[in-house]
Every structure is written in structure tokens, then in C-alpha cells.
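1. everything below, folded, please.
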Amino acid sequence: MQNNFPYIDDTAVTSASTNHSAGKAAADVTALTINNKQIYQIPTLSDIFVNLNYIYIKNTPLRHLKRKHIDGYNSTLKHFVVTDSYIQIIDGSLFYGFTKLETIDVQNNRIFYIHANAFKALDLKILKISQNLCTNPGSGDVGNYPDSASSQLTLDQYITKIAASTCSPPADMDMLLSNYQDLNDVLYFEVEKKILEYEDLLELKDQESTACKASLDSKEQAIKDSALLLQQQKDENLKLTKKVADLTKNSESLKIDLQNAQQEATVLKSQIKYLESLGEQCLDVNGTCRFTRDDVDGYSCIAHNISINSPKMEVNWTGEHIPSSMQDKNVVTLKIQGLNVQFVPVNIHVQFYRLQKLIIDKCGLKKLSNLDFLKLFFLKSIEITSNNITSIDPDTFEDVTLLEILDLSNNKIQSFPSKIFNNLEYLNTLKFADILKA
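-> Take a look at the predicted model:
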């Protein structure tokens, strides 16, 4: 195939195929290129392309590099490039034994952790890890090797510099890593796949939802139109379901058509619900807080001077970090006590993405929804006490799979959705004191 990349010979391919150039076979292939938004893992092709020495992957939803997918290339691979994807972790055994490896390039990903031994015992000529969560400017940029900033460093010195940067793990990283693969396989891959499948539809809905920024009236009308569309779709699906159910008594093919129609209806319902949430998230408020540290809650943001009377509002917390070297990403506890907060802010994960503990006490909170703990993947403790909560959505705790403590004491909850706690395998403390007396 056409050569588009440096140090790739004319036998570079983008997919496993039986159509080789004249006089060529699988054993002649030395490079593999993947540029596909529906690739979720590196294909295992070591038994087909036995002489592969270059792997180039770009623009994929790939999150986890697994040793088993490249293990067969440890005696031939020279250049390994995965850029513009979603890689989050480089573990210590990924490149062990790759004695011929000269280039590793994982720029423009979402890497927040690199094991201290990830690049040890390698004779690399090029190592590029810039533009990641743990190396971007403002978070301790370590640059690339070699470059003008690190030209005086040896490879071992540069690897030591990486280990000393913000790529080093937080205290609870061992537990997170032990469950990371299951978390990615079960949760992230399916979500990303659905998003990619309906990308065009979401883009259209996003364009329509931007009209809500013009005025509150237009936003409310868009939501009403979306609700009407949802009801019409439900009515059409009920008719379609009844019609197909009657026909499928004597036709297996019509039974398959019914199942497909039901799946499409579910997706459309999800997209309309997403549109509604986008419209409501246009409202935001500013909140002040005091940053402090103690032995019990660690580095905390204690909120004051904030009022939230509408659902799905975004809050921008401002305050002076003490000491000044601390940043929002260092906050592990958020406390909201005795304030008029009837709904949980929907954007906590954006400002405090490493949050481990959330306390909302005596604030008049009314309900818990599926957006309240969105993307708070590190959250271990939720204490929402002495409020006015009467209901909880079934998928409220879907993203907080590491949760250990849940305290909903002194609320007005009369019942809980079935299987609401099924995905909380680490939950060890559950408090419901006086939930009907509040």
C-alpha cells in the first residue's frame, strides 16, 4: 500500500487482507497502520505478520494497551506509535523484553499514570509522551526525549524525570489499577461505541440545542418539542410492537425486525433525553469556597455563598488555594453544608476530577439523579444527610463503582429502585437512619 509515514517500507498495511501486492505475502509485511474510530483494541496479528517492526495507531477510542495484543512482536518490533487516542495507563510490563524497540510515541492521549518501570531496560532513541493529562503544561510538563529542553539528559535520566512528575500515582492507585481493566471493558468501551455509532445524530441534536443559549424561552420550547417527539416515537413504537408481535407468530424474520425496532426506539429515547440535559446545562452560577486541609478529609473545598434552585446547573468554584502550589486537581473532598442547594451541581467532575468524598448536609436537596455523580470515578464516600430527598433515579450510582461509604440518613426516601446498588462491589458502609422521619 502507499507509504505515508516515516521509516515505513512499501509493505505497510492498514488492515489484515489476503490481497497482497504481486510477489508479496504476509511474511513480507513490516508495518501495520490503524486509523479507525471503531477500533477498541489492537488486533492480535502476530501469527500472520511474523516480521512486523512498526505499529502506527491514530484516532481510535483505544483506552488500554494490553500486553497480550503485542506480545508476539517482542523480537521484531522497532517503532510503536499510538497517538490522538484515549490511552490512560502505561503499566510496567507492557514493553518488557522488547529488545529491538527504538521508538515509543504516545503523545496526545489521556495518560494520567505511567509505571516507574514502564521504559526500563529499553534502548530507546525516541520517547514522546507530551500532551497527556500528567505531562501537559501546567501539570509538570516533562517534554519529549530527545528535544531541545532535555538534550543534555540521558535516557535513564529522562525516565527518572517522568517517574518524578505528576504521572506518579496517588495513594490509592494500586486498588484502582487492580480493577482498571474490568472498568474499561465493562463500562467505557460500550459507551464509546454507542457514541460513535450515533455521532451524526448527536451532532444534529447539538446544533439544535445551541438555540437554548439565545434565550430561556427558546430553550424551553426546544425541550417541549423534544418531549413531544419522544411521546410520538413512543406511540409509533407501541403500534409497531403490536403489529410485529402479531406477524411474528409464523415468521422468525419478523421477530428479528421487532427486536431491531425496539433497540432503535431505546436509542432515540436516550438521545432525546441527552438533548434535554444539554439544554438545561446552559445555566451556570459562580460559587465561592474556602480551600483547607485536615487529617480527616485531606485537601478540601468548603462551599459558601451559593444558591441552586434549578436542576442541572453548573457551578464555577472560586477561592484561594493554600498553599498556592495546590490546584483544583488536588481537591479530594467537597463540603456543602447549610446552604440553599436543592439540586447537585452537574459539573463537579470537570473542576475536581480526583474527588474522593462528597458531603451535602442540611441544604434542602430534593432528589438524586443519574447526572449528580457523572464521571466521578474516584469517589469513595457520599454523605448526603438531613435533606429533603424523596426519590432516587435507578442509574444514579452508575459511574461511582469504587464507592465504599453511602450515608443518606435523615431524608424522606420511601423506597429504592431495584438493583440500584448492584454495581457497587466495594460498598461496605450503608446508612439510612431516620429516612422516613426527616
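2. contacts and neighbour counts: CA atoms only from here.
-> Will do.
3. buried residues in the helix ranked longest in the chain?
-> What stands out as the longest helix in the chain, according to DSSP state H, is helix 216-247. With burial defined by 16 or more other Cα atoms under 10 Å, the residues of helix 216-247 counted as buried are 218-219, 222-223, 226-227, 230, 233-234, 237, 241, 244.
4. helices or strands up against that helix?
-> helix 199-209, helix 252-280 (3 or more Cα pairs under 8 Å, 6 or more residues apart in numbering; DSSP states H and E).
5. hey, least reliable of those helices by pLDDT?
-> Looking over these, mean pLDDT reaches its minimum on helix 252-280, with a mean of 58.
6. check which element follows that helix along the chain.
-> Beyond helix 252-280 on the C-terminal side, the first helix or strand identified by DSSP states H and E is strand 284-294.
7. ok, back up a step: which one of the buried residues of helix 216-247 sits closest to F352?
-> Closest to F352 out of the buried residues of helix 216-247 is K219 (28.4 Å), distances taken as Cα to Cα.
8. could you chop the chain up by domain?
-> The record's domain parsing of the chain by automatic domain parsing lists 1-174, 198-280, 284-431.
9. what about the longest helix of the chain, average pLDDT?
-> 82.
10. same thing with stretch 331-338?
-> Across stretch 331-338, the average pLDDT comes to 94.
11. distance between that stretch and the chain's centre?
-> Taking Cα atoms, centre = their mean, to the nearest Å, one finds stretch 331-338 lying 23 Å from the centre of the chain it belongs to.
12. list the contacts of the closest residue to D71 other than its chain neighbours.
-> Nearest residue to D71 in three dimensions, chain neighbours excluded: S46, at 8.0 Å (Cα to Cα, 6 or more residues apart in numbering). Going by Cα atoms under 8 Å, 6 or more residues apart in numbering, S46 touches 52, 70-73.
13. now swap in V285 and tell me
-> For V285, the residues meeting the contact criterion (Cα under 8 Å, 6+ apart) are 313-316.
14. over to K431?
-> By Cα under 8 Å, 6+ apart, the contact list for K431 reads 406-409.
15. and it, how far is that from N411?
-> Noted for K431: a distance of 11 Å to N411, by Cα to Cα, to the nearest Å.
16. how about E208?
-> In terms of Cα to Cα, E208 sits 38 Å off from N411.
17. what of Q351?
-> 28 Å.
18. tell me which of these two has more neighbours.
-> The neighbour count for Q351 versus N411, taken as other Cα atoms under 10 Å, is higher for N411 (26 against 15).
19. just the pLDDT for the nearest residue to the more buried one once chain neighbours are set aside.
-> Computed as Cα to Cα, 6+ apart, the closest residue to N411 that is not its neighbour in sequence is I435, at 4.5 Å. I435 is assigned a pLDDT of 75 by the prediction.
20. how about D47?
-> Predicted confidence (pLDDT) for D47: 84.
21. am I right that it is in a helix?
-> No: assigned with DSSP: H, G, I helix; E, B strand; the rest coil, D47 falls outside any helix and is coil.
22. contacting residues around S93?
-> Counting by Cα under 8 Å, 6+ apart, S93 touches 67, 117-118.
23. do the same with G319
-> G319 touches 288-291, counting by Cα under 8 Å, 6+ apart.
24. of those residues, which is the most crowded?
-> F291 (22 neighbours).
25. hey, what's it bridged with?
-> Beta bridges link F291 to C301, judged by DSSP bridges.
26. if we can go back for a sec, closest one of the buried residues of helix 216-247 to N330?
-> K219 (35.8 Å).
27. for that closest one, give its distance to W317.
-> Separation of K219 from W317 (Cα to Cα) stands at 25 Å.
28. where in the stretch 301-438 of the chain is pLDDT low?
-> Along the stretch 301-438 of the chain, segments meeting pLDDT under 70 span 436-438.
29. quick check: the two most widely separated of the contacts of S46?
-> Across the contacts of S46, the longest distance by Cα to Cα is 11.8 Å; it joins L52 and D71.
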